[in-house]
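> all I have is the shape, not the residue letters:
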């Protein structure tokens, strides 16, 4: 058995290399191959390197944030299980699944104990947590280019970046419009929404709840959106998310969508998938079963 590790050394507070050294020290008897991502979107290259010498007895561990995990799974064959240990700044996937500490993660991996989950795939990438427009995509985009975030990450305070930008969004009022085609052919047009999230899991933005029952262990997507037409309405929408009053809110709208749903975006729409800004005119989502060591 060989343990292959794909690690993003730039995720979060740059802890991936420390975790790798800890694994090397604690499991010296285990043959290990380490592959670090060196450039943006380098996950494709590292997965190819792993697959060159992969056998059925081997194990894979992914170290990084939600974006790293999403990109690795996009290129990883469906039949290969994986373990994941979060070292990002948000780690929403890990929070939603209550992923264990490193020792337990390694124990599950070595024992081959796994659980099935559902991810949604499109040519643009993998939807593991959420697809976001409006407020949340605007925050992600601003955070990606923020020097403040880099400084706060070094102090393990990266979440403060999102809080500051969320407050700023109340004044900027970033909105988006989208057309959704359901599996039965019904068209749903959503215009000028402040908040929009198509969730495959519970959280986004470092632990903010999208919808309480959204789960990667179900085979459905939860669509949550809200208008936010004036300042105080936007304040109430964000307070609803923070204080987890989703199902009683008069502002949040909720629908359940399934595999085969497609979305069409207008030109210039900011689109975030698992915390990564992408540019697409249309996305069609197909459910895919995977196994995680858990």
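Cool, got the structure. Just so we're clear, the structure is a prediction, and the values are computed from it rather than from any experiment. Numbers count the residues shown, from 1 in each chain.

> ok, longest helix in the chain?
Counting by DSSP state H, the longest helix found in the chain is helix 159-172.

> avg pLDDT for it?
Per-region confidence: helix 159-172 scores 83 on mean pLDDT.

> let me see the contact set for residue 109.
Neighbouring residues of residue 109 by CB atoms under 8 Å, 6 or more residues apart in numbering: 3, 59, 61, 83, 293. In short, each C-beta sits where N, CA and C put it, glycine included.

> no, scratch that, I was asking about residue 265
Listed by CB under 8 Å, 6+ apart, the contact partners of residue 265 are 133, 176, 178, 271, 280-283.

> make it 7 Å
178, 271, 280-281 (CB atoms under 7 Å, 6 or more residues apart in numbering).

> try residue 115
Residue 115 neighbours (CB under 7 Å, 6+ apart): 291-292, 294.

> related to what we said a few turns ago, which strands or helices does the very next helix or strand once past the longest helix of the chain pack on?
For helix 159-172, the following helix or strand on the C-terminal side (DSSP states H and E) is strand 176-181. The helices and strands touching strand 176-181, judged by 3 or more CB pairs under 7 Å, 6 or more residues apart in numbering; DSSP states H and E, are strand 130-134, strand 187-193, strand 262-265.

> note down every partner strand of the shortest one and its orientation.
Applying DSSP bridges, strand 262-265 is found paired with strand 176-181 (antiparallel), strand 282-284 (antiparallel).

> list the buried residues in it.
Across strand 262-265, burial judged by 16 or more other CB atoms under 10 Å covers 263-265.

> repeat for the first one
The neighbour-count criterion (16+ other CB under 10 Å) identifies 130-134 as the buried residues of strand 130-134.

> who touches the one helix or strand residue 291 maps to?
Element membership for residue 291 (DSSP H and E) is strand 286-293. Here strand 286-293 makes contact (CB under 7 Å, 6+ apart) with 73, 78, 81-84, 108-109, 113-121, 219, 259-260.

> give me the neighbour count for residue 279.
Using other CB atoms under 10 Å, the number of residues around residue 279 comes to 11.

> next, give phi and psi for the nearest residue to it once chain neighbours are set aside.
Spatial nearest neighbour of residue 279, chain neighbours left out: residue 271 (6.9 Å); criterion: CB to CB, 6 or more residues apart in numbering. Main-chain dihedrals, residue 271, degrees, to the nearest 10: phi -130, psi 120.

> thinking again about what came up before, restricted to strands, list the contacts of strand 286-293.
For the contacts of strand 286-293, membership in strands holds for 83-84, 114-121, with DSSP state E as the criterion.

> of those, closest to residue 228?
Distance to residue 228 across the ones in strands among the contacts of strand 286-293 (CB to CB) is lowest for residue 120, with 25.9 Å.

> contacts for the helix or strand residue 33 falls within?
Per DSSP H and E, residue 33 falls inside strand 31-36. Residues outside strand 31-36 that contact it (CB under 7 Å, 6+ apart) are 2-7, 9, 20, 24, 46, 49-50.

> can we see that at 10 Å?
Here strand 31-36 makes contact (CB atoms under 10 Å, 6 or more residues apart in numbering) with 1-10, 16-17, 20-21, 23-24, 42-43, 45-50, 53-54, 58-59, 61, 63.

> out of those residues, which are inside helices?
16-17, 20-21, 23-24, 43, 45-50.

> most neighbours, which of the residues you listed?
Highest neighbour count within the ones in helices among the contacts of strand 31-36, by other CB under 10 Å: residue 16, with 26 neighbours.

> surely it meets residue 7?
Yes. Contact between residue 16 and residue 7 holds when scored by CB atoms under 10 Å: they sit 4.1 Å apart.

> what sits in contact with each of the two?
Residues touching both residue 16 and residue 7 (CB under 10 Å, 6+ apart) are 34, 36-37, 63-64, 68, 85, 87.

> want to throw the residues you listed into TSV with neighbour count, pLDDT and distance to residue 223?
What follows is those, written out as TSV (neighbours: other CB atoms under 10 Å; pLDDT from 0 to 100; distance: CB to CB, whole Å):
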residue	neighbour count	pLDDT	distance to residue 223
34	18	97	39
36	16	97	36
37	23	96	32
63	30	97	31
64	27	94	27
68	29	93	26
85	24	97	30
87	23	92	30
